[in-house]
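S.K.: can you look at this prediction? I've put the sequence above it.
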Protein chains: 4
Amino acid sequence: MAEKKPEQLLDEASAWWTTGIVDIHPGKIAMRGYPVEELIGKVGFPDMVYLMLRGELPERAQAELLEAAMVASVDHGPHAPSIAVSRMAVSCGLPVNGAMASAINVLDDVHGGAGQQCMELFREIAAEAGEGDPAPAAAAVLARWREAGTKFIPGFGHRFHPLDPRTPRLFALVDAAQKAGVVSGRYARIGRAVEASLARGRARPVPMNVDGVTAVIYSELGFEPELGRGIFILARAVGILAHAWEEKQQGVRIKGPMPRDIPYRYNGKARRAVPDRRSP
Amino acid sequence: MAEKKPEQLLDEASAWWTTGIVDIHPGKIAMRGYPVEELIGKVGFPDMVYLMLRGELPERAQAELLEAAMVASVDHGPHAPSIAVSRMAVSCGLPVNGAMASAINVLDDVHGGAGQQCMELFREIAAEAGEGDPAPAAAAVLARWREAGTKFIPGFGHRFHPLDPRTPRLFALVDAAQKAGVVSGRYARIGRAVEASLARGRARPVPMNVDGVTAVIYSELGFEPELGRGIFILARAVGILAHAWEEKQQGVRIKGPMPRDIPYRYNGKARRAVPDRRSP
Amino acid sequence: MAEKKPEQLLDEASAWWTTGIVDIHPGKIAMRGYPVEELIGKVGFPDMVYLMLRGELPERAQAELLEAAMVASVDHGPHAPSIAVSRMAVSCGLPVNGAMASAINVLDDVHGGAGQQCMELFREIAAEAGEGDPAPAAAAVLARWREAGTKFIPGFGHRFHPLDPRTPRLFALVDAAQKAGVVSGRYARIGRAVEASLARGRARPVPMNVDGVTAVIYSELGFEPELGRGIFILARAVGILAHAWEEKQQGVRIKGPMPRDIPYRYNGKARRAVPDRRSP
Amino acid sequence: MAEKKPEQLLDEASAWWTTGIVDIHPGKIAMRGYPVEELIGKVGFPDMVYLMLRGELPERAQAELLEAAMVASVDHGPHAPSIAVSRMAVSCGLPVNGAMASAINVLDDVHGGAGQQCMELFREIAAEAGEGDPAPAAAAVLARWREAGTKFIPGFGHRFHPLDPRTPRLFALVDAAQKAGVVSGRYARIGRAVEASLARGRARPVPMNVDGVTAVIYSELGFEPELGRGIFILARAVGILAHAWEEKQQGVRIKGPMPRDIPYRYNGKARRAVPDRRSP
């Protein structure tokens, strides 16, 4: 260490924080090469999401598909832990940044990760199917996932909605985009193949939910699976903020999961005496 | 407590989680009364932000102004603690939800609150000026804030940019919106009055920065100050996600603020012996 | 900027991260000057808390008083939002660090800040009373706080416990420490003066709760008010972790505040049609 | 759903929040059956950690071993992202709860998870070795982990310390505890077998670090691996709080990773013009 010159150390420090996203100098800001003052008013917010995550601006029809998926994902009510956490956080005194942080944090693998997992499923099927009919690959991959212990196929079925009202509308937009040549339709076919495979031999189908159809959209647009989770978070952040704000207007202090009069159940040890652990 | 009937307790439990934002039943989801399947593809993402936070859809020109402000705010580089935290978090193993949570959390009063504080400043001036010329009110309110100990007037001046490149472009959009009758221009006038008041008697002006001009926009659109912070977070979340993702591709493990070879400075006690605090 | 030599920049970088807490070199770690290998096994965990926050090791009796306050604060059940958030977070897939982060975050001014606020109250009374009888100062300061809009005097009264079972036991330890000359008893007198002042003219007293008596202890030990909040968090973190772990064993997925069968109440707009905001 | 009686729904709500950790009634609080007022002053903080996580109080010597491991883990300086995040968070305006939340969140798999992973390694070796010599099992399991792609064996080697000063002292305490019959020594033997296996055929050994030796301790005490991470967080929370507090005294505003004069490196696209994405 001692032999390095100060310039070398400085260079290491500078390289330690290297980015290709944003370039800033006094009076100048550019994202992915585009001066910010030229982006403002010329591109939409979904364009910026795409540009920042992918490095290039989307075509207009691509941005519209992305935007539809984001619009569909902003909220699903206070039974969702993320929304409940946001509201509870505000009642504890947090400003909106803190409430959003605690809430977004819980959008993890189980609540918030289904879209990403569904994209991974689609990708595995795509790799196996190649350019051919995805149906056999879908059946094979689903069988493997089930053997590996997967109980819920991510993106399909919903514990609350028999049919998710967001799915048909979003799927219609995907189909229109395919006809217009905006997307290839490969992942739409894969999604339908999974749905068909899941329905086989069951009395009640397991229809694609919002995580599944947005996974189709993000996959068609070429996003990596983890970015599917990221974009979902950008969208759900709107609902998280709206509920934080509404809760603040309601003015409850220290809001637990249930009002105090409704007790929780204790199933532990009965009262007992404490042995002294401090005297020698 | 004991006298309440089960139905009453249930009713309390249900009322404890009351919302006017989203209504969900099996197969049905509506935001602010609008069925989600009708919103998808018909309204843009900024429209949804406005609808969720305000209860009604914006006019198209209002949504465009909001969108321009959001586009301007997505990123300001890894010298910003929020962006740095996001990247460091990923290098510690967090997925994007965790990185975004830790990062958004730090968008607090000092780093992320300037827009909200500027909106509060504008509102105080508006209350004092009424419908008249805001210049005297601006001078008076600024004098009060300074007497109360405010060192940095939020929304004005920038420690890095002599002139913030986002300001003139956004202000031009506000002026155009005023000419088109989309906004009243009241807060644009107040913003300019503050700028003029700050420049008086100084060699170098203290020009409005992005927090100031977005505060003008959010105020013109009728948002409450705390929602100014909230919308900023929705926008900056895009940059936070993009940097998290880029950092993940770079693959550094356990990224501290500086590389290990560049030491920090220790200015505490010299080495000393420990007295035994455990033996009696 | 351009004129600075690399050495100067490096020196600035190093100074930017200056600490008097911990000094680390290859093979050497010292906290506040004490080599870590000498601390291990010789001092207790509460001693380390004190050392890290104050710069010096406590006397044994001081550490015991601090430890008693921390033991008293580890948990107050899942009706507390912090505990509920921890459990909900785990059910969303977060590991313990994420659950603890989301939960600790909500220990803000309203839920977690009462101890700090009570220490600030005591300090204000101490400043006014000087070395004399704190009763008149307590009455005067309480009157001022109420005039300023304070509805709940922090550290006194409890919405659940008529008498907080932690208070008498902790207060007995404070009194014993005072008799032993470990603490001065000044803040114990102030705490009692506040309690007496609050009881005056009421049918039902407003007894000191755990936030109040731990505020007495942390004040007697010389901690700054914000550190009172910090130490409370260190203690409550134990309960937060224990509940996260228990929830994980229970295995519920996506745990909202109430089970799905118990609905929330929607009080917003009735269903309505969406105007098209996208066509020009 | 409609057929359930209100009492049934209430019962479900209560069961939804079931815990065996803490039982609370007006005027009564008990942890794991022990009335809190009897715990206060009689048991130490590490005893409470053990009680809350395990359900029973530890023997005194067990608590001391746990305490030594926790004392060793409180801090490792601002080059650690968790400590840096805490300090940056405070400079953004967060109170200590927020700073601790953002910081604890990053104690994930890569920075904070090594102890847990090391406990999992030890457990795998223990399962394979049974009661016999752990050396062959250690070699076999290490070979499997390396084949599976593990580059860094968790708990061994340190990128900064040639020999971690915390290890020999903690290991001496483990050995003493074994001689006293407090622990079996099984995991100490496993840890040494791993160290020996790693050293074989290398010029420079890969000695056990603090994560390794605390993994030995927590395993000897019977903790589950994920609780090893949890206890580490309880300990590191002290350093995180201490650095947050010190940073607050220093008063820097908006502290990025490096001071502004030291630039980051931009390696993205050169400036380019923006195509218009908004006009039809």
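M.R.: Done, it's in.

S.K.: who in the stretch 101-250 of chain A is up against chain D?
M.R.: Proximity of the stretch 101-250 of chain A to chain D (C-beta under 8 Å from any C-beta of the partner chain) is limited to residues A:101-102, A:105. Any C-beta I mention is one placed from the backbone N, CA and C, and that applies to glycine too.

S.K.: where does chain A have its least confident helix or strand?
M.R.: None of the helices or strands of chain A scores lower by mean pLDDT, DSSP states H and E than helix A:6-16, at a mean of 91.

S.K.: just checking, what packs against that one?
M.R.: Helix A:6-16 sits against helix C:6-16, with contacts defined as 3 or more C-beta pairs under 8 Å, 6 or more residues apart in numbering or on different chains; DSSP states H and E.

S.K.: only the buried residues of the helix it packs on, if you could.
M.R.: Within helix C:6-16, the residues that count as buried by 16 or more other C-beta atoms under 10 Å in any protein chain shown are C:9-10, C:13-14, C:16.

S.K.: now that helix against helix A:6-16, angle please.
M.R.: 50 degrees (axes from the mean of the first three to the mean of the last three C-alpha atoms, to 10 degrees).

S.K.: and the very next helix or strand once past helix C:6-16, what does it pack against?
M.R.: Next along the chain after helix C:6-16, taking DSSP states H and E as the criterion, comes strand C:18-19. For strand C:18-19, the packing partners by 3+ C-beta pairs under 8 Å, 6+ apart come out as strand B:265-266, helix D:225-250.

S.K.: possible to save those as a markdown table with mean neighbour count, distance to chain C and mean pLDDT?
M.R.: What follows is those, written out as a markdown table (neighbours: other C-beta atoms under 10 Å in any protein chain shown; distance: least, C-beta to the nearest C-beta, whole Å; pLDDT from 0 to 100):
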| stretch | mean neighbour count | distance to chain C | mean pLDDT |
| --- | --- | --- | --- |
| strand B:265-266 | 18 | 4 | 94 |
| helix D:225-250 | 24 | 4 | 98 |
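
S.K.: could those be laid out in CSV, adding distance to A:Ile217?
M.R.: Output for the helices and strands packed on strand C:18-19, formatted as CSV (distance: least, C-beta to C-beta, whole Å):
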stretch, distance to A:Ile217
strand B:265-266, 51
helix D:225-250, 36
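
S.K.: so which of the ones you listed is nearest A:Leu66?
M.R.: Nearest to A:Leu66, of all the helices and strands packed on strand C:18-19, is helix D:225-250, at 36.9 Å by C-beta to C-beta.

S.K.: any idea how far that closest one is from the chain center?
M.R.: Relative to the centre of its chain, helix D:225-250 is centred 10 Å away, using C-alpha atoms, centre = their mean, to the nearest Å.

S.K.: quick one: it to helix C:225-250, angle?
M.R.: 160 degrees.

S.K.: now check helix D:225-250, is it near chain A?
M.R.: No. Using C-beta under 8 Å from any C-beta, helix D:225-250 stays clear of chain A, coming no nearer than 14.7 Å.

S.K.: what's the mean pLDDT across whatever helix or strand A:Gly115 lives in?
M.R.: Assessed by DSSP H and E, A:Gly115 sits inside helix A:114-129. For helix A:114-129, the mean per-residue pLDDT is 98.

S.K.: look up phi and psi at A:Met31.
M.R.: The phi/psi pair for A:Met31 (degrees, to the nearest 10) reads phi -100, psi 120.

S.K.: how about the nearest residue to it once chain neighbours are set aside, what does it touch?
M.R.: Sequence neighbours aside, A:Val22 is the residue nearest to A:Met31 in space, at 5.4 Å (criterion: C-beta to C-beta, 6 or more residues apart in numbering or on different chains). Counting by C-beta atoms under 8 Å, 6 or more residues apart in numbering or on different chains, A:Val22 makes contact with A:29-32, B:75-77, B:239, D:266, D:268.

S.K.: okay if I get those residues as TSV plus distance to D:Pro207?
M.R.: Below are those laid out as TSV (distance: C-beta to C-beta, whole Å):
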residue	distance to D:Pro207
A:Ile29	48
A:Ala30	48
A:Met31	46
A:Arg32	46
B:Asp75	43
B:His76	43
B:Gly77	40
B:Gly239	42
D:Tyr266	40
D:Gly268	42
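
S.K.: so which of the residues you listed are in helices?
M.R.: B:Gly239 (DSSP state H).

S.K.: of the contacts of A:Val22, grab the buried ones for ChimeraX.
M.R.: This is the ChimeraX syntax for the buried subset of the contacts of A:Val22, where burial follows 16+ other C-beta under 10 Å:
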select /A:29,30,31,32 /B:75,76,77,239 /D:266,268
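
S.K.: out of the contacts of A:Val22, which sit inside strands?
M.R.: Cross-referencing these against strands under DSSP state E gives A:29-31, D:266.

S.K.: what is the nearest of those residues to B:Pro257?
M.R.: The nearest member of those to B:Pro257, counting by C-beta to C-beta, is D:Tyr266 at 18.6 Å.

S.K.: where exactly do the helices run in the stretch 51-200 of chain A?
M.R.: In chain order, the stretch 51-200 of chain A shows helices spanning A:60-72, A:81-91, A:96-105, A:114-129, A:134-147, A:166-179, A:186-199, with DSSP state H, counting those that start in this stretch as the criterion.

S.K.: output these as JSON lines; include the columns distance to chain C and mean neighbour count.
M.R.: Listed next are these as JSON lines, based on distance: least, C-beta to the nearest C-beta, whole Å; neighbours: other C-beta atoms under 10 Å in any protein chain shown:
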{"stretch": "helix A:60-72", "distance to chain C": "8", "mean neighbour count": "24"}
{"stretch": "helix A:81-91", "distance to chain C": "4", "mean neighbour count": "30"}
{"stretch": "helix A:96-105", "distance to chain C": "4", "mean neighbour count": "32"}
{"stretch": "helix A:114-129", "distance to chain C": "10", "mean neighbour count": "22"}
{"stretch": "helix A:134-147", "distance to chain C": "17", "mean neighbour count": "17"}
{"stretch": "helix A:166-179", "distance to chain C": "11", "mean neighbour count": "19"}
{"stretch": "helix A:186-199", "distance to chain C": "19", "mean neighbour count": "21"}
